[in-house]
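sequence plus the predicted model coming up.
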Amino acid sequence: MHHDIDQLRRFYYQRALGRVVQRILRDRLTGRWGPASVSGMTVAGFGFAAPMLRPYLSTARRVTALMPGPQGVMGWPAGQPNRSVLCDETAWPVETGSLDRLVMLHGLETSEHPRELLAEAWRCLGPGGRMMVMAPNRAGLWAASDRTPFGFGRAYTTGQIEAQLRRAGFLPDWHGSAVYIPPSDRRFWLRSAQFWERSGARISRVLIAGVILVELTKQTRAPIGPGVRIHVPSPREILDGVARPRPRGAPVAPAGRVAQGPDAPPKSP
């Protein structure tokens, strides 16, 4: 089940709850990847990651919002040249190894082909490139409510999502959680959201977050263990089968016999 672009846009840009969630997730992301740290880099987002990418518009060399076809696409950022593109979820219009940073929000949990999606993310990231995946927490209240985008698709635990990403070839570097308030539009929760975020970071075993975050790295390693042996032939093997030199005019012996030249030793009787 895929999201609808109009529902995502209304949640993140029109609902007060969505704007609070946008600010929380963006603060967590920039806490890991500050705008200055991506200066001159190529940054992309897949799914509906556009709200997360705005801080990098002024510092990154290129910023692109990739939106899957079943979801739909919107022009972004507002009032500026468009940086969003509609694409197939398993075939992005991105050169191999050209991305330095990738943010995935509302992309993995709704994908019909998660293995192929992660393989495409691997292809587009360069060696040492980093990816941040934001997904609904299976144990949280947000995954149980269909009034927000986090109630659609598959929810994960941290261990499940890390195992899936390891199989795709990524190495987990860091994991965290966010959005500790319930999925409610009540002003009390909206006004105290930052307090609950600070408290949740300290006592996460008591407060259950609605979103899990996993940061991963693409590392290409040399093969470990016994490799393919290289056989270097010896000179004896190279010259194997080459006839021994014989004096000029010496008769050529038939196959299986040695020619007797003038300097050949006599046969024993």
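Ah, there it is. Numbering: from 1, shown residues only.

now the nearest residue in space to G40 that is not next to it in sequence: how far from L165?
With sequence-adjacent residues excluded and distances taken as CB to CB, 6 or more residues apart in numbering, G40 is closest to R61, at 5.1 Å. The way it works is simple: take the backbone N, C-alpha and C, and place the C-beta from them, glycine included. If you measure R61 against L165 using CB to CB, to the nearest Å, the figure is 26 Å.

looking at the two, which one has more neighbours?
L165 (21 against 12; other CB atoms under 10 Å).

was I right to think the more buried one contacts R115?
No. Using CB atoms under 8 Å, L165 is not in contact with R115, being 10.8 Å away.

pull the longest helix from the protein.
helix 16-32 (DSSP state H).

gap between it and the chain center?
Taking CA atoms, centre = their mean, to the nearest Å, one finds the center of helix 16-32 at 21 Å from the center of the full chain.

and that helix, what's buried?
The neighbour-count check on helix 16-32 (16 or more other CB atoms under 10 Å) flags L17, G18, V20, V21, Q22, I24, L25, R26, R28, L29, T30 as buried.

now for that helix, which elements pack on it?
helix 5-13, helix 50-53, strand 125-136, strand 170-178, helix 187-191, helix 193-202, strand 211-218 (3 or more CB pairs under 8 Å, 6 or more residues apart in numbering; DSSP states H and E).

quick one: it to strand 125-136, angle?
140 degrees (axes from the mean of the first three to the mean of the last three CA atoms, to 10 degrees).

need the contact partners of helix 16-32.
With CB atoms under 8 Å, 6 or more residues apart in numbering as the test, helix 16-32 has contacts from 10-13, 51-52, 54-55, 103, 105, 132, 134, 148, 174, 176, 178-179, 181, 183-185, 190, 193, 197, 211, 213, 215.

C-alpha coordinates for stretch 137-152, PDB please?
Listed next in PDB are the C-alpha coordinates belonging to stretch 137-152 (Å, rounded to 0.1, in the frame of the first residue of the first chain):
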ATOM      1  CA  ASN A 137       8.200   1.600  15.100                       C
ATOM      2  CA  ARG A 138       6.300  -1.600  15.400                       C
ATOM      3  CA  ALA A 139       5.900  -1.200  19.100                       C
ATOM      4  CA  GLY A 140       4.800   2.400  19.000                       C
ATOM      5  CA  LEU A 141       1.300   4.000  18.900                       C
ATOM      6  CA  TRP A 142       1.900   5.700  15.500                       C
ATOM      7  CA  ALA A 143       2.100   2.300  13.700                       C
ATOM      8  CA  ALA A 144      -1.300   1.400  15.100                       C
ATOM      9  CA  SER A 145      -3.100   4.600  14.000                       C
ATOM     10  CA  ASP A 146      -4.100   5.100  10.400                       C
ATOM     11  CA  ARG A 147      -4.600   8.900  10.900                       C
ATOM     12  CA  THR A 148      -1.000   9.600  10.100                       C
ATOM     13  CA  PRO A 149       1.400   8.300   7.300                       C
ATOM     14  CA  PHE A 150       3.200   6.100   9.800                       C
ATOM     15  CA  GLY A 151       0.100   3.800  10.100                       C
ATOM     16  CA  PHE A 152       0.500   2.500   6.500                       C
END
